[in-house]
Every structure is written in C-alpha cells, then in structure tokens.
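In: structure for the following, please:
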Amino acid sequence: MPYGDREVVARGTTMLRGMPGRRTAHGALWVLLVGGVGVGWQGSVVGADPVGSAVTATRRASLPEPAPLTYVRFLLPEGVRVTVYPGTSAAQLYPGTVRLGLRPGYRYRFELSNLPADLIVPPETQTVLYPEVTVHGSLVSRGGIRAEDFPVPLKFSREDLRQALNGAVIVKYVYLEDPSRAIATATTPESPLELQDADEPTARQQAMQQGRLLVTIRLGNRIPTAAELRQGTIDHTVLLPQMSRLPAPPCPPLFPVWVIPPFDPLAGPKPLQEECLINGGDRGAPLGIGPRQQLGGLDVGDVAVEYTRRQQRYVTTSNPVPLCAPRFVIRRVEWRPQALAAVHHAALAEERNFPLALKQREQPRLDFHYERLQAVQGQLKPSLYLSSAASAIVSTSQRLQAVAQVSGLKVNAVLVAPEQLTAYPTLAPLTVSKQIDPPGPKQPGDVVTITIRFVNSGDQPLSQLAISDHLSPRLEYVPGSSQTNRAANFFLMEQEDGTQLLRWELVGDLFPGQSGVIRFQARIR
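Out: Below is the predicted model of the structure:
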C-alpha cells in the first residue's frame, strides 16, 4: 500500500500480522500454532522493493492483509513535546501532533516534555512523563483504506496529565469499533469517543467485545532509569516522519499478534471486518408484512420498500453497500496506589503487614485471554433464488447462478449473468438499488450522498409505495437534504438507541417501466 509517494511492501503467507516482507540476512522465522491459529514473524523491511510471487499475489488478492505498521497520532495540549527513543543516542524530539508508524507486537516508551506550567503543583518538580504504549494489531487494507490516513489516537488530555503528575495511573484501551455495535455519537478524528470504566479488566473486556483492540496506553508519574530506557528500546520498530524506509528489527515481537482469531474449523475463520460498515439490504430478522399490514423485521441498517400489487401487500429490499470509515474508541481507567508493598529477605522471621498492597499489573506478554466457543452461526451464499411473490434483486458477493419465479403450477426459470440482472421483465416486479457517493474510505465528520433508485420492472402497476431506511449508528441525516423526483411525504423518526429512521411515502401509482430516485445526505459519526 502506498506511504506518501513510497510503497510499503507486504509479502509472505505465514508471517506475523504487520510484519510481512522480504527475508533479510539476519531475519529469523518464528511460528506459533495454537488451536488453528497461525502466528509468525519474519524480519521485514518496510519500503523495500517488491519481489512478489504468483502464490503471494493470489493470496493477497483473495484476502485483505493487515497493514505492516500501526500509525498513531498524539493528541496533546498545546506546546507539549514528544521524544521518541528517550534516554538513548537515537532520541528524536517532535511537536505534540507528530504521527508515527509502529510495528505491532512491541512495547514503546515515549517522553512527554514541556508540560503546561499550571499542571505542576509545588513542591512537585517533575516536568516530564513517560507513557508506555503497547501495539496489539493494525488496520486491514480493504476498500481503499491506507493505514497512514487513519492513525490511532494517543490522547492525553490536560486532566490525564494532571492526575498522572499527582500520582494516579491512567490506563487506556484503544480499539477499532465494530460498526454493528457502534455507539450513536458524533465524533471527529481530533475528538475520539472516550468512555470511563471502573477497572482494567472491565475496560479490556469491553474493548475486545465491542471491536478489535489495537493499542494499550499506560501513564503514571514513575520516571524510568537510563538503563530501563536503553533496554526497552528496540531499533527499527518506529517509522519516523523523515524516514522512507524501515529496516528489519533485530528481534521478533515481544508478544504474539493474532493473524487470524480462533475459529471453528467447520465454520471457518471470521474475517476482520471492523473497518467497514454495511448499509442497506436486509440483515438480522427478515423483512415481512404482518397480519395488520404492518412492516416487520426492519433492523438497524436495513432498507425496506413496501408496495401493493393486486391488492396484496409486499416488501422488498435493496443491495447492501459497504462504507469504509474506521472509528477508534477509547476505554479509560484511572486508579491510585493505596499503600506500598515491601519485599523482605527470606532470612527475616519478622512479617510486616500494610493496610493495602500496591496493585501490580502483569506483563503484556503474559496477558492472554482464552474464550470457549459458545456458538457457531453459518451463512451460505445463494446459488438459486426462488420467489412465489416476486421479489427484488438479490446481491451477493458470489455470482448468482439462477433466478426463478413460481407462477401457478408452472415454473419460469431464466439464467442470467449478474450484469443483466438489473430490471428483468416480469421476473422482479420492483427492483431497488442503493449507492453511496463519493466512493472510497471516509473519516468521521465527512458527508456522503446516499441514492436509492427503484423501478417497476414487472407487468402490473404498484401502489402505496413506502421506502424506509434505518440508518446505521455511524450515520446521521443532514437536515433538509432529502430530495425525490416523485411526489412523496418524508418523515424523520429518532429512535431510542440514537439511530434515525427515514421514511418516504409516495403519492400515486408506479406503472410498469416507471422509476423514481430518492437522494439525501448523511454525516459520518
């Protein structure tokens, strides 16, 4: 994937996530297989010339690969400086808005200096802090996403710095939010969503349940020794702003990074898909018309189109549209040591008790979490589609093989290619499509244009058309942007979970061959 005007080369099939590349003279291969999970490392060069193979090219085309680096961006109070590789001869000082590329699987120590003077309360004289950053994974390159365009926020507010200087420990888990579990709150890259938790286990569990954990941040007032700073520095793990090439590191990652999460061998691996949300189509409970002619099964993100044909009420849907807009969420925990813990020599017979012991965290490399498989849900791609009431177009990731319609005792089947299956006469009475413009990945705060097109592709007039679009939690309707080329009444309904339901009720009939267009704008939360 491109890095500015340079190319970041990702090669290899069994290597560690974020570590693919060319084997160097000093590169070693490290592989761990646990319950169907493959983890590996090979010394890799970021920015090296590609020497691809047919096997690698085929694998890369079939499955998106994690980015070799996790890009981070510091969000700090004005004037605060960041030092990379502090306490070593390679130390580099940058402004507080610097962006860096970090290799997953390593732990990093940075120095924050030039702290605001009003945060330092006498008699305290400490003017620097040393946060620890652990990188667990990286973005997956899909839908045109470039990892450097979506840096993970390393946010340190004035309150964080104040509490750390006063003896508190601040822990933050930064995860890539699962769009299906998204919180309906507006954000921007400069002001990510930050939630407070009571303790570290709860925060970590929530981060892993609500998305994909990428970074852990720990901030306290402890100043590491010069020896600790030197020992904790691993060369060639940070891509600095002025660098165009990152050589292979001298040692493998300090802890394993999952290439593929544990999975049931029959169900297959679950793809890493938190980068993109799906809008449109019919997911969850299937759409349907109830006994009282009411719409049912309209879940968040669904599109439903109701219509009447021959005095019978029907409902159909549109094609699903992916929208790649990665969003990061922070789970924050703050705690304070209550007492000191003393270690006595084994020869001493005296035992001393303290009111409370200092809470001690485990090393990141030992912090693993195993979860027993609870259930497996499979989903088969349709190769044959049957309709007794004439439905809309079916869109899948695999090619549709056949379409058929039951008409009395006679079965009319027609084999068509996907390119032809748009408005097939008498086969689909109502064809609906959805489109999002402009194409390409989006940032929180961007505005997109959503277009819903519908056409009567059957041989009977349709009446009482109603189009419902239940927007994803990540989308917010832009007031006054609704447009349609047919007379319609528009309704905007706020839902209890913070999502929005848009509904257009068309006036008049839609005769065979007639069509309509609905267009509106939405802001990405």
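In: for Ala186, helix, strand, or coil?
Out: For Ala186, the secondary structure call by DSSP: H, G, I helix; E, B strand; the rest coil comes out as coil.
In: for the residue nearest to it when sequence neighbours are not counted, which residues are in contact?
Out: Distance criterion CB to CB, 6 or more residues apart in numbering; nearest residue to Ala186, sequence neighbours excluded, is Arg525 at 4.7 Å. The C-beta positions use only the backbone N, C-alpha and C, and glycine is treated the same way. By CB atoms under 8 Å, 6 or more residues apart in numbering, the contact set of Arg525 is 182, 184-187, 327, 444, 473-476.
In: from those, which is closest to Pro249?
Out: Nearest to Pro249 among the contacts of Arg525: Arg327, at 29.8 Å, using CB to CB.
In: from Ile183, how far off is the residue lying closest to that closest one once chain neighbours are set aside?
Out: Closest residue to Arg327 apart from its sequence neighbours, by CB to CB, 6+ apart: Glu177 at 4.9 Å. Glu177 is 8 Å from Ile183, where distance means CB to CB, to the nearest Å.
In: likewise Pro201?
Out: 21 Å.
In: and for Gln196?
Out: 14 Å.
In: can you check Ala325 too?
Out: 14 Å.
In: so between those two, which is more surrounded?
Out: Just comparing Ala325 and Ile183: by other CB atoms under 10 Å the higher neighbour count belongs to Ala325, 24 against 16.
In: I figured the more buried one hits Val447, correct?
Out: No: checked against CB atoms under 8 Å, the pair Ala325 and Val447 is beyond contact range at 11.7 Å.
In: mind listing the shared neighbours of those two?
Out: Ile524.
In: what's the following helix or strand after the lengthiest helix in the chain?
Out: What stands out as the longest helix in the chain, according to DSSP state H, is helix 200-210. Sequence-wise, the next helix or strand downstream of helix 200-210 (DSSP states H and E) is strand 211-219.
In: what residues does that next one touch?
Out: With CB under 8 Å, 6+ apart as the criterion, strand 211-219 contacts 70, 72, 129, 131-138, 152, 154, 156, 160, 164, 169-178, 181, 204, 207, 272, 274, 328-329, 361, 364.
In: which of those fall within helices?
Out: 160, 164, 204, 207.
In: the residues you listed, buried ones only, as a PyMOL selection?
Out: Listed next is the PyMOL selection for buried residues among the ones in helices among the contacts of strand 211-219, using 16 or more other CB atoms under 10 Å:
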select buried, resi 160+164+204+207
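In: just the closest of the ones in helices among the contacts of strand 211-219 to Ala227, please.
Out: Ala164 (22.6 Å).
In: and the closest residue to that closest one other than its chain neighbours, how many neighbours?
Out: Nearest residue to Ala164 in three dimensions, chain neighbours excluded: Leu219, at 4.9 Å (CB to CB, 6+ apart). Counted by other CB under 10 Å, the residues lying close to Leu219 total 23.
In: equivalent analysis for Leu195, please.
Out: Leu195, neighbours per other CB under 10 Å, totals 15.
In: was I right to think Leu100 contacts Met243?
Out: No: using CB under 8 Å, Leu100 is not in contact with Met243; the gap is 9.8 Å.
In: those two - which one has more neighbours?
Out: Neighbour totals were compared for Leu100 and Met243, and Leu100 leads with 24 against 16 (other CB under 10 Å).
In: for the stretch 401-525 of the chain, just list every one of the strands.
Out: For the stretch 401-525 of the chain, applying DSSP state E, counting those that start in this stretch gives strands covering 402-407, 410-414, 430-437, 447-456, 463-470, 475-477, 483-484, 488-494, 500-506, 515-524.
In: buried stuff in stretch 90-99?
Out: 92, 94, 96, 98.
In: identify the farthest-apart pair in these.
Out: Gln92 and Gly96 (13.8 Å).
In: picking that back up, biggest separation within the ones in helices among the contacts of strand 211-219, which pair?
Out: So, the ones in helices among the contacts of strand 211-219 by CB to CB: farthest apart are Ala164 and Ala207, at 20.7 Å.
In: can you show me the helices along the chain?
Out: Counting by DSSP H, the helices of the chain are 54-62, 158-165, 200-210, 226-231.
In: and among those helices, the most buried is which?
Out: helix 158-165 (a mean of 19; mean count of other CB atoms under 10 Å).
In: and Thr451, how far is that from Val80?
Out: For Thr451 relative to Val80 (CB to CB), the value is 45 Å.
In: ok, these two, which is more surrounded?
Out: Comparing Thr451 with Val80 by other CB under 10 Å, the one with more neighbours is Val80, at 19 against 15.
In: surely that one touches Ala117?
Out: No: using CB under 8 Å, Val80 makes no contact with Ala117, being 11.7 Å away.
In: wouldn't Ile436 be in contact with Val447 here?
Out: No: the criterion here is CB under 8 Å, and Ile436 misses it with Val447 at 11.1 Å.
In: among these two, which residue is more densely surrounded?
Out: Set Ile436 next to Val447 and count neighbours by other CB under 10 Å: Ile436 wins out with 17 against 13.
In: mind listing what the more buried one touches?
Out: Ile436 neighbours (CB under 8 Å, 6+ apart): 279, 321, 323, 448-451.
In: filter those to the buried ones?
Out: Here, 16+ other CB under 10 Å leaves 279, 321, 323, 448, 450 buried among the contacts of Ile436.
In: ok, so of the residues you listed, who is nearest Leu112?
Out: Leu323 (35.7 Å).
In: for Arg146, see how far away the closest one is.
Out: Leu323 is 16 Å from Arg146, by CB to CB.
In: Pro192 too?
Out: Here Pro192 is placed at a distance of 19 Å from Arg146 (CB to CB).
In: residue ranges in the stretch 101-250 of the chain under the pLDDT threshold?
Out: For the stretch 101-250 of the chain, applying pLDDT under 70 flags the ranges 123-124.
In: again, only using 80
Out: Applying pLDDT under 80 to the stretch 101-250 of the chain picks out residues 121-125.
In: quick one: the strands in it?
Out: So, for the stretch 101-250 of the chain - with DSSP E, counting those that start in this stretch - the strands run 107-113, 132-135, 152-155, 169-177, 193-196, 211-219, 238-239.
In: can you redo these as TSV with distance to Gln495?
Out: Formatted as TSV, those follow (distance: least, CB to CB, whole Å):
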stretch	distance to Gln495
strand 107-113	41
strand 132-135	37
strand 152-155	28
strand 169-177	19
strand 193-196	19
strand 211-219	22
strand 238-239	43
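In: closest to Val305 out of these?
Out: Once the strands of the stretch 101-250 of the chain are compared by CB to CB, strand 169-177 is nearest, at 29.4 Å.
In: show me what the closest one pairs with in its sheet, parallel or antiparallel.
Out: Applying DSSP bridges, strand 169-177 is found paired with strand 211-219 (antiparallel), strand 328-335 (antiparallel).
In: out of these, which one sits most buried?
Out: Mean neighbour counts for the strands paired with strand 169-177 (mean count of other CB under 10 Å) peak at strand 211-219, with a mean of 22.
In: taking strand 107-113 as reference, get the angle to that strand.
Out: 50 degrees (axes from the mean of the first three to the mean of the last three CA atoms, to 10 degrees).
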